[in-house]
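**Q** Quick one: sequence and predicted model below, then my questions.
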Amino acid sequence: MAKITLKGLRHSYLANPASEADWALKRLDVDWQDGGAYALLGPSGCGKTTLLNIISGLLQPTEGQVLFDGTDVTALPPDKRHIAQVFQFPVVYDTMSVYDNLAFPLRNRGVAEADVDARVREIAGMLDLTDTLDRRAAGLTADGKQKISLGRGLVRSDVNVIMFDEPLTVIDPHLKWQLRSKLKELHQRVRVTMIYVTHDQTEALTFADQVVVMNEGEVVQIGAPQDLFERPRHTFVGHFIGSPGMNVLPCEVRDGTAYLDGLAVETNNARAWTGGAGRLELGVRPEFVSLSDSGIPVRITKVSDAGRYRIVDTVHADTKIKLLIGEGVEVPGEAAHLRFDPAHTQVYADGWIVE
Ligand SMILES: Nc1ncnc2c1ncn2[C@@H]1O[C@H](COP(=O)(O)OP(=O)(O)OP(=O)(O)O)[C@@H](O)[C@H]1O
């Protein structure tokens, strides 16, 4: 196991990168603590696979270093890094038994047969594969096979990190939550550093203690799921995480007060704005917007049922604002007023939170 440090990492697939857009990874400084459960979350094309390949050694970064416990491994090939990887599609040997599949990474490294047996049975037990150990892998369902892939990642005791690259893509939706909670439980038992790559916020938020959110080649926030929800550092995080995402509304700030279309709105950070150029926006999640007797006048355009609550779409002038309301709350006709919870309303400048 190891702490992994990415220092001043940049990567471009072009020989002579000129503009910012030429960099697949713009600049990354990230510490992955030993034994942590991390998710790497971001939309397609944001650089997740590029980053994984740099950590595993399949790709040399254009600039910067990868350190394992402080030792520079940037130039080491993948087989010298002691990393286990689980991919989207199960990697299993169909003709071998489940037992032999799990034993393979250990036998390959010359581990004594008695130790192989003990470890295989332990991991099989954790993954509920004990009853299938003697069966040929070919007969298993997709989720059974993916469990073997997970097992092959977990079985080695010499790994610095296990990286999961969208491991639940081929799993039936109704089995996904089972495997997801299994993985979380396994992390708590084995305590190896795990990096779980996904573009699915539910998977990231249920698995990880810390979520690394990427957008356009940059890390925009690293935090616990609750931090990402309560205090998104970037409007992208607010919008990408949450369903529906955070309202991002154009605003002005004068003398420490934010104004939405000329109406003063209390926030938790407008006082910190020291001026300067930049696009100013208010961010407030639909969970922290409520109906009120006074406040921002809006027109209600749509009410949708979302189970235990309703999503209300409103519009103020040309600005759309969403809010959530509970079951017992009555929705007025077309006209209403909204109030933003000041503790959860913040100002962003060029996308970044003002602090
Ligand atoms: N081999 C390559 N050659 C050139 N450009 C590449 C290569 N691989 C990726 N890119 C570009 O680098 C950027 C990051 O891609 P990457 O595959 O790392 O993103 P991702 O977040 O893993 O996306 P996805 O979730 O779709 O796999 C994208 O703009 C992509 O087009």
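**A** Perfect, I can see it now.
**Q** Just the endpoints, please. Distance across stretch 131-138?
**A** Criterion Cα to Cα, to the nearest Å; first-to-last residue distance in stretch 131-138 is 15 Å.
**Q** Now that stretch: average pLDDT?
**A** Stretch 131-138 comes out with an average pLDDT of 95.
**Q** And for stretch 246-255?
**A** The model assigns stretch 246-255 a mean pLDDT of 97.
**Q** mind checking pLDDT for the residue in the stretch 51-200 of the chain that the ligand sits nearest to?
**A** Residue of the stretch 51-200 of the chain nearest the ligand, by Cβ to the nearest ligand atom: H199 (5.5 Å). No exception for glycine: its C-beta is placed from N, CA and C like everyone else's. pLDDT for H199: 91.
**Q** same question, M1
**A** 66.
**Q** again, but for M194
**A** So, for M194, pLDDT stands at 94.
**Q** That one and K80: what is the separation?
**A** 20 Å (Cβ to Cβ, to the nearest Å).
**Q** buried set for the lowest-mean-pLDDT helix or strand in the chain?
**A** When each helix and strand of the chain is scored by mean pLDDT, DSSP states H and E, helix 173-190 comes last, with a mean of 85. For helix 173-190, a neighbour-count test (16 or more other Cβ atoms under 10 Å) marks K176, L179, R180, L183, K184, L186, H187, V190 as buried.
**Q** N160 contacts R81, correct?
**A** Yes: here N160 reaches R81: they are 6.6 Å apart, a contact under Cβ atoms under 8 Å.
**Q** Could you dump the buried residues of helix 173-190 into a markdown table and include distance to V212?
**A** Output for the buried residues of helix 173-190, formatted as a markdown table (distance: Cβ to Cβ, whole Å):
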| residue | distance to V212 |
| --- | --- |
| K176 | 21 |
| L179 | 21 |
| R180 | 18 |
| L183 | 17 |
| K184 | 17 |
| L186 | 20 |
| H187 | 16 |
| V190 | 21 |
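**Q** Specify the local secondary structure of the residue lying closest to A349 once chain neighbours are set aside.
**A** Spatially, and ignoring its direct neighbours in sequence, A349 is nearest to G278 (4.3 Å; Cβ to Cβ, 6 or more residues apart in numbering). Recorded secondary structure, G278: coil (DSSP: H, G, I helix; E, B strand; the rest coil).
**Q** Quick check: G278 touching D350?
**A** Yes: contact criterion Cβ under 8 Å: G278 and D350 qualify, at 4.5 Å.
**Q** Neighbours of D72, how many?
**A** When neighbours are counted by other Cβ atoms under 10 Å, D72 registers 12.
**Q** beta partners of it?
**A** L67 (DSSP bridges).
**Q** before we move on, the earlier item: could I get the least confident helix or strand of the chain in PDB with only the CA atoms?
**A** Output in PDB follows, covering the C-alpha atoms of helix 173-190 (Å, rounded to 0.1, in the frame of the first residue of the first chain):
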ATOM      1  CA  PRO A 173     -29.000  -2.200 -13.100                       C
ATOM      2  CA  HIS A 174     -30.700  -4.200 -10.300                       C
ATOM      3  CA  LEU A 175     -27.400  -5.900  -9.400                       C
ATOM      4  CA  LYS A 176     -25.400  -2.700  -9.500                       C
ATOM      5  CA  TRP A 177     -26.300  -1.500  -6.100                       C
ATOM      6  CA  GLN A 178     -25.400  -5.000  -4.600                       C
ATOM      7  CA  LEU A 179     -21.900  -4.900  -6.200                       C
ATOM      8  CA  ARG A 180     -21.500  -1.300  -5.200                       C
ATOM      9  CA  SER A 181     -22.200  -1.900  -1.600                       C
ATOM     10  CA  LYS A 182     -20.000  -5.000  -1.700                       C
ATOM     11  CA  LEU A 183     -17.100  -2.900  -3.000                       C
ATOM     12  CA  LYS A 184     -17.500  -0.400  -0.200                       C
ATOM     13  CA  GLU A 185     -17.600  -3.200   2.400                       C
ATOM     14  CA  LEU A 186     -14.500  -4.800   0.800                       C
ATOM     15  CA  HIS A 187     -12.600  -1.600   1.100                       C
ATOM     16  CA  GLN A 188     -13.500  -1.400   4.800                       C
ATOM     17  CA  ARG A 189     -12.100  -4.900   5.200                       C
ATOM     18  CA  VAL A 190      -8.900  -4.700   3.100                       C
END
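**Q** residues from the stretch 101-250 of the chain in reach of the ligand?
**A** Contacts of the stretch 101-250 of the chain with the ligand, taken as Cβ under 6 Å from any ligand atom, map to H199.
**Q** where do the strands sit along the stretch 101-250 of the chain?
**A** For the stretch 101-250 of the chain, the strands defined by DSSP state E, counting those that start in this stretch cover 161-165, 194-198, 210-215, 218-223, 247-250.
**Q** so which of these is the most packed in?
**A** strand 194-198 (a mean of 25; mean count of other Cβ atoms under 10 Å).
**Q** Would you mind confirming that K48 is in contact with E216?
**A** No: applying Cβ under 8 Å, one finds K48 not in contact with E216, separated by 11.8 Å.
**Q** Tell me which of the two has more neighbours.
**A** Legend: neighbour count by other Cβ under 10 Å for K48 and E216, higher for K48 (21 against 17).
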